[in-house]
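Trainee: I would like to see how this sequence folds:
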Amino acid sequence: MIDVPRELVQYLGRLLAAERRTRGTRRDTRALTCFYQALLVLIWFRKAEDLTLLGAGFGVSRATAYRYRDEGVAVLAAQATDLHTALKPVQGETIDARYSGKHRDFGANIQAVMRPHGLPIWTSAAMPGHLHDTNCAREPGVTAALNWPAAELDLPALADSGYESAGHGIKTPIKQPADGKPLAIDNRAHNRLLRGL
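Mentor: Predicted structure coming up:
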């Protein structure tokens, strides 16, 4: 078993199927279906498995495993933004939209929802770096999506302090009082537990 969503395997399988159609590959001439080729590629990404062993597990030769891996990497790389587009500044009225005053540098804001053990189950598109985390989470509906399981399933989401006031069920650390007084012991314990999780 591999701990990646089936939807990811299917997505890569569809990309590989499109690549095979583009190349004019005849049906039933490959050792693996697009789904199993996608699975091979994702196992290699996830576990850094030796391709000779991985190929043997799928019943293909070492050379075929390397070729299938390289083909999968190529179709995934083709989905990325080209370098010129990524480097082209997005001009706002007064500042470059990628400039983050908080970090004093250019960048992007990408939101992610993770399972408790750290596997990402969803990531957003890259948004301008000057936007606040809460705004970036509200725009694609992340906060609304996380509020429902908290209310209906008693399944809260854990977030950092950038998501304060994001809504019901999104648990964030308690901030230091503005007057400079230390947090109460209960609040410090709450923060330590939350950050530990």
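Trainee: against which helices or strands is the helix or strand hosting residue 145 packed?
Mentor: Element membership for residue 145 (DSSP states H and E) is helix 142-153. Counting by 3 or more CB pairs under 8 Å, 6 or more residues apart in numbering; DSSP states H and E, the packing neighbours recorded for helix 142-153 are helix 133-138, strand 157-158, strand 170-171. No exception for glycine: its C-beta is placed from N, CA and C like everyone else's.
Trainee: average pLDDT for it?
Mentor: Mean per-residue pLDDT for helix 142-153: 79.
Trainee: for that helix, output the C-alpha coordinates as PDB.
Mentor: C-alpha atoms of helix 142-153 as PDB (Å, rounded to 0.1, in the frame of the first residue of the first chain):
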ATOM      1  CA  VAL A 142     -10.800  26.300   3.000                       C
ATOM      2  CA  THR A 143     -12.100  27.800   6.200                       C
ATOM      3  CA  ALA A 144     -15.700  27.000   5.300                       C
ATOM      4  CA  ALA A 145     -14.700  23.400   4.400                       C
ATOM      5  CA  LEU A 146     -12.900  23.000   7.800                       C
ATOM      6  CA  ASN A 147     -15.700  24.500   9.800                       C
ATOM      7  CA  TRP A 148     -18.200  21.800   8.700                       C
ATOM      8  CA  PRO A 149     -16.300  18.800  10.100                       C
ATOM      9  CA  ALA A 150     -15.600  20.700  13.300                       C
ATOM     10  CA  ALA A 151     -19.300  21.400  13.800                       C
ATOM     11  CA  GLU A 152     -20.800  18.100  12.500                       C
ATOM     12  CA  LEU A 153     -18.100  15.500  13.300                       C
END
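Trainee: so what's the backbone phi/psi at the residue sitting nearest the centre point of the chain?
Mentor: Nearest to the mean C-alpha position of the chain, counting by CA atoms, centre = their mean, stands residue 123 at 3.8 Å. Backbone geometry at residue 123, expressed as degrees, to the nearest 10, gives phi -130, psi 150.
Trainee: do residue 132 as well
Mentor: Main-chain torsions, residue 132, degrees, to the nearest 10: phi -80, psi 150.
Trainee: would you check that residue 40 makes contact with residue 59?
Mentor: No: counting by CB atoms under 8 Å, residue 40 does not reach residue 59; the two are 10.6 Å apart.
Trainee: more neighbours, these two?
Mentor: residue 40 (23 against 10; other CB atoms under 10 Å).
Trainee: so that one belongs to a strand, correct?
Mentor: No: Residue 40 sits outside any strand when classified using DSSP: H, G, I helix; E, B strand; the rest coil, being helix.
Trainee: need the pLDDT of it.
Mentor: We have a pLDDT of 92 for residue 40.
Trainee: how close does it get to residue 145?
Mentor: 32 Å (CB to CB, to the nearest Å).
Trainee: please apply the same query to residue 44.
Mentor: The gap separating residue 44 from residue 145 is 31 Å, by CB to CB.
Trainee: swap in residue 51?
Mentor: Here residue 51 is placed at a distance of 38 Å from residue 145 (CB to CB).
Trainee: average pLDDT across the lengthiest helix in the chain?
Mentor: Longest helix in the chain by number of residues (criterion: DSSP state H): helix 6-23. Per-region confidence: helix 6-23 scores 90 on mean pLDDT.
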